[in-house]
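K.L.:
Sequence below, structure please.
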Amino acid sequence: MAESGSSKSRQQLFRHQTSVLDSRASQQYANSIRLQPREVYIPGTPGTESIPRFSGKPSGPYVHLARAAARRHGVPEDLFLRLISQESGWNAKARSHKGAIGLAQLMPVTARVLRVNPHDPAQNLEGGARYLAEQFHSFRSWRLALAAYNAGPEAVRKYGGVPPYRETRGYVKAILGS
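P.N.:
As a prediction, the model looks like this:
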């Protein structure tokens, strides 16, 4: 009789532990990035309101190049214009303390991978738009694509979202406004 009671309590304990593990795994799976709904940008349609309109002065010799590069790669134009304003303030000769170059502030290694000349404004914008589009296709979110553009895709994967870096969080907020 004692054997039977002990066996029942072990089975109950096993069921309880299994249910706890199942609920934890289920919750982690439900929160997985790859299960997030896909954001699709279609100009003028509901759902794209989360991308603020470009409120800067869209003038100068590079705005038309930036708009064209954004369109070619399926990047919302206003988002890309805000990114360029944030990255370089529309200064084609901008260079960061970390070595990023030009309007889209491409790192030399990234420019080589993209096969663009980061010193040429048209190629720099083309590379920036293409790289941002690649990040969007990887993460299916403009917020995460911007974080990956700033901190690198490895950091976004490591933290499962926008990395807890002050610079990156400020960057995403400056461009998306939230």
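
K.L.:
For the residue nearest to the spatial centre of the chain, give its distance to residue 138.
P.N.:
Centroid check for the chain by CA atoms, centre = their mean gives residue 145 as the closest residue, at 1.6 Å. According to CB to CB, to the nearest Å, residue 145 stands 8 Å off from residue 138. Where C-beta positions appear, they are placed from N, C-alpha and C, glycine not excepted.

K.L.:
Residue 97 too?
P.N.:
As judged by CB to CB, residue 97 and residue 138 stand 27 Å apart.

K.L.:
Between these two, which has more neighbouring residues?
P.N.:
Taking other CB atoms under 10 Å, residue 97 and residue 138 do not tie; residue 138 has more neighbours (15 against 5).

K.L.:
and the more buried one, that one's in a helix?
P.N.:
Yes: Residue 138: assigned to a helix according to DSSP: H, G, I helix; E, B strand; the rest coil.

K.L.:
doesn't residue 152 make contact with it?
P.N.:
No: counting by CB atoms under 8 Å, residue 138 does not reach residue 152; the two are 11.6 Å apart.

K.L.:
packing partners for the strand or helix carrying residue 85?
P.N.:
In this assignment (DSSP states H and E), residue 85 forms part of helix 77-88. Counting contacts by 3 or more CB pairs under 8 Å, 6 or more residues apart in numbering; DSSP states H and E, helix 77-88 is packed against helix 63-72, helix 121-139, helix 142-151, helix 166-176.

K.L.:
Just the C-alpha atoms of it, please, in CSV.
P.N.:
What follows is helix 77-88, C-alpha atoms only, in CSV (Å, rounded to 0.1, in the frame of the first residue of the first chain):
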residue,chain,number,x,y,z
GLU,A,77,10.8,57.3,-47.5
ASP,A,78,10.0,59.3,-44.3
LEU,A,79,11.8,56.7,-42.2
PHE,A,80,14.9,56.8,-44.4
LEU,A,81,14.9,60.7,-44.5
ARG,A,82,14.7,60.7,-40.7
LEU,A,83,17.5,58.1,-40.5
ILE,A,84,19.8,60.2,-42.7
SER,A,85,19.0,63.4,-40.6
GLN,A,86,19.9,61.5,-37.4
GLU,A,87,23.0,59.8,-38.8
SER,A,88,24.7,62.7,-40.6
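
K.L.:
So which residues make contact with that helix?
P.N.:
Residues from elsewhere that reach helix 77-88 (CB atoms under 8 Å, 6 or more residues apart in numbering): 51-54, 56, 58, 62-63, 66-67, 69-71, 90, 94, 100, 102-105, 125, 128-129, 132, 142, 146, 149, 171, 174-176.
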